[in-house]
Every structure is written in structure tokens, then in C-alpha cells.
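the following block contains a protein sequence and its predicted model.
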Amino acid sequence: MMKLADLSVGQEIGSRAIEVSRADLVRYAGASGDFNPIHWNERFAREVELPGVIAHGMFTMGAAVQLVTDWAGDPAAVVGYQTRFTKPVPVDDADPGAVIEVTGVIGALDAAASTARVDLTVSAGGQKVLVKAQALVRVG
Amino acid sequence: MTINPELQGRSYPAGDVYSVGRESVRDFARAVKATHPAHFDVAAARALGHADLVAPPTYAIIVAQRADARLIEDPGSGIDFSRVVHAEQKFTHHRAITAGDELVAELHVDAVRAMGTGAMITTRAEIATVDGTPVATTTSAILVRGEGQ
């Protein structure tokens, strides 16, 4: 387990680029049970005035936190996670259809609660798509 | 159709039991591009002290959205699902979800706020095992777009 004493506010935990295709959205729909057609049906998405098929917000949120899970070494160490969804992630009919860029920085340390807050910056196509994305990680 | 302001404060008691299976944990982990062995390999999960495969941090959304569906599908709510946009999401884990869990969720409508011709609705799902052990609290804010929004 990560030791609080080894961590400092402002420390980077890493970054990654996540390639997303429409097949990934179909897979997420199936695994999550969220079959809203805006995530797989171009015609429907345009009818409701979207630029095209967009990723599930929960796909982006779920994929972005993997950086934190891998850093923490145990998925169960992520005891809290929150975000606001500010911009949709359009996923083109291409491979990849979008690329989500994730970076993580330690935003706060709480010695009493033995937690570290990791602040994630998540963007696609040069725009921030998650705002105030924060994961709370239990540390030793 | 307008959102019923009297939704605020409403709650829906624990409904159907959601049984967390190993393949569901693996499928969800693949779907969010998770690669940690504790999602896939029982021995790896047990080596970390877990009873079975550990679900990814956002897995509880499956149970939470099933609970939300009870509100959205309630004919008295006035919510048109095709106009719903997910605005905010928060997870607080009281303990990790692992394969073999039998979960239920109680849904609370914490806030309903008019936004132009639409509304922002905040719901909270209290997820627990069937024997009452708290597992997770999830909070979702959904924006129901009004006409022209």
C-alpha cells in the first residue's frame, strides 16, 4: 500500500491516453446496462441535436480512474470518486474514434483519514470533458 | 411535460436484488479498459485480502442506474428519458464490491431544482448487502432538458 509519508501535494501520479472506438461504447453499454441510443446510433444522436455518437459519461469516468487504480495497486483502495460531466466526447466512426487524455496529480493529503486525493485532468480533442474529477485513495 | 416538484424528498425502498457475478465484474472491467489482475484473477484478488474478484470503482453505477430507473419510469415523475443528461456523479465506497455480493439499493430524491424549462434532479442510492451491510453511497445529478434546451 502507498505510504502517506512518501507522497506530497502536487506530485504527478502519471498520465495515459485512452483510445476509444464505437465498439468500446457498445461493449460499455452491454456491461453497464446503459443502452441509450445516443451512444451507438448516429441517426438518433443527430435527431436529438448531438454532433454524432458520444461516449457514455460513465465510460469516460470509469476509464479515467484506471490510472489511479493502477497507481494505488489495489482497486479497493479507491474509496471515493466524483466528477462533473461538462462536455460530451464525440466518438467518430473511425479507429480510434476519439482519444481521452488523463493526467493525475495529488491534490490533498489527509493524515487523520489516511487518504490521498488525486485530481484528474481529463480531456478529449483539446477540451476538458470532466471537471472536478477527484479520486480519494486510502493510503497507509 | 414539466418535472413534478413534489419529487423532492421522495424515496423508493430497496427493490430487486442485484447478484454480482464474476463474469459481470470481468465484463465491466474490460468495458472500462481496466487491466488490474484483481478484477480478473480470483487468486490475485485473494492475495490482496479480498473475498473474490474486486469490482472497478465505478461498477456501483449498474446498481445505482437500476435504482434511478425506478424514478425515471415512475409515470408521476414527468421525466422524459430521451432528454436526460448526466451532469454529476459521486461514489463513496464503504467497502469494495466483490463477486458473490447480493446488493439492494434504496433511492432518495435529494433535490429538484428548476433550470429554465427543465430541471436538475439529484438522486442518492444507498447500496447495501441483502443483510444490511452498507456497501456504497452514490449520488447522481441528472439534467432533464426542457423544450429548446
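Perfect, I can see it now.

from now on I want contacts and neighbour counts done on CA atoms only, so please keep to that.
Noted.

what residue is smack in the middle of the chain?
Since you didn't name a chain, this refers to chain A. Centroid check for chain A by CA atoms, centre = their mean gives residue A:64 as the closest residue, at 2.5 Å.

that's the wrong chain, I wanted chain B
Central residue of chain B (CA atoms, centre = their mean): residue B:64, at 1.6 Å.

contacts only, for that one.
Listed by CA atoms under 8 Å, 6 or more residues apart in numbering or on different chains, the contact partners of residue B:64 are B:105, B:125, B:127, B:138.

may I see the buried residues of the helix or strand containing residue B:23?
Residue B:23 belongs to helix B:22-31 when assigned by DSSP states H and E. Under the neighbour-count criterion of 16 or more other CA atoms under 10 Å in any protein chain shown, helix B:22-31 has B:22, B:24, B:25, B:26, B:27, B:28, B:29, B:30, B:31 buried.

what's the most distant pair in those residues?
The largest distance within the buried residues of helix B:22-31, taken as CA to CA, falls between B:22 and B:31 and amounts to 14.2 Å.

mind checking which of the contacts of residue B:64 are in strands?
Using DSSP state E, the subset of the contacts of residue B:64 located in strands is B:105, B:125, B:127, B:138.

with adjacent residues omitted, what lies nearest to the last one?
Closest residue in space to residue B:138, ignoring its immediate chain neighbours: residue B:91 at 4.6 Å, by CA to CA, 6 or more residues apart in numbering or on different chains.

could you point out which element follows the longest helix along chain B?
Assignment by DSSP state H gives helix B:61-72 as the longest helix of chain B. Next along the chain after helix B:61-72, taking DSSP H and E as the criterion, comes strand B:84-93.

contact residues of chain B facing chain A?
B:24, B:27-28, B:31-34, B:36, B:38, B:48, B:54-59, B:61-62, B:86-96 (CA under 8 Å from any CA of the partner chain).

mind giving me the PyMOL select for these, buried ones only?
Buried residues within the residues of chain B next to chain A, by 16+ other CA under 10 Å, are selected in PyMOL with:
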select buried, chain B and resi 24+27+28+31+32+33+34+36+38+54+55+56+57+58+59+61+62+86+87+88+89+90+91+92+93+96
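
picking up where we left off before, my read: the residue nearest to residue B:138 touches residue B:139, true?
Yes: with contact defined as CA atoms under 8 Å, residue B:91 reaches residue B:139; the gap is 6.6 Å.

least confident secondary structure element in chain A?
Ranked by mean pLDDT, DSSP states H and E, the weakest helix or strand in chain A is helix A:42-47, scoring a mean of 94.

hmm, back to that, closest to residue B:43 among the buried residues of helix B:22-31?
Closest to residue B:43, out of all of those and judged by CA to CA, is residue B:22, at 12.7 Å.

what about the closest residue to the closest one other than its chain neighbours, how many neighbours?
In space, and not counting its chain neighbours, residue B:22 is closest to residue B:99: 5.2 Å by CA to CA, 6+ apart. Residues lying near residue B:99 (other CA atoms under 10 Å in any protein chain shown) number 22.

okay, residue B:99 and chain A: tell me how far apart.
Per CA to the nearest CA, to the nearest Å, residue B:99 is found 13 Å from chain A.

quick one, what contacts that residue?
By CA under 8 Å, 6+ apart, the neighbours of residue B:99 are B:20, B:21, B:22, B:25, B:52, B:53, B:54, B:55.

re the thing from before, and the least confident helix or strand of chain A, how far out from the chain middle?
What separates the centre of helix A:42-47 from the centre of its chain is 24 Å, taken as CA atoms, centre = their mean, to the nearest Å.

then stretch B:103-113?
Remark: stretch B:103-113 is offset 10 Å from the chain centroid, using CA atoms, centre = their mean.

swap in stretch A:52-72?
That offset, for stretch A:52-72, works out to 3 Å (CA atoms, centre = their mean).

stretch B:85-95 now?
Worked out by CA atoms, centre = their mean, stretch B:85-95 lies 7 Å from the chain centre.

with stretch B:116-125 instead?
For stretch B:116-125, the distance to the chain centre is 15 Å (CA atoms, centre = their mean).

pull out the buried residues from it.
B:118, B:119, B:120, B:121, B:122, B:123, B:124, B:125.
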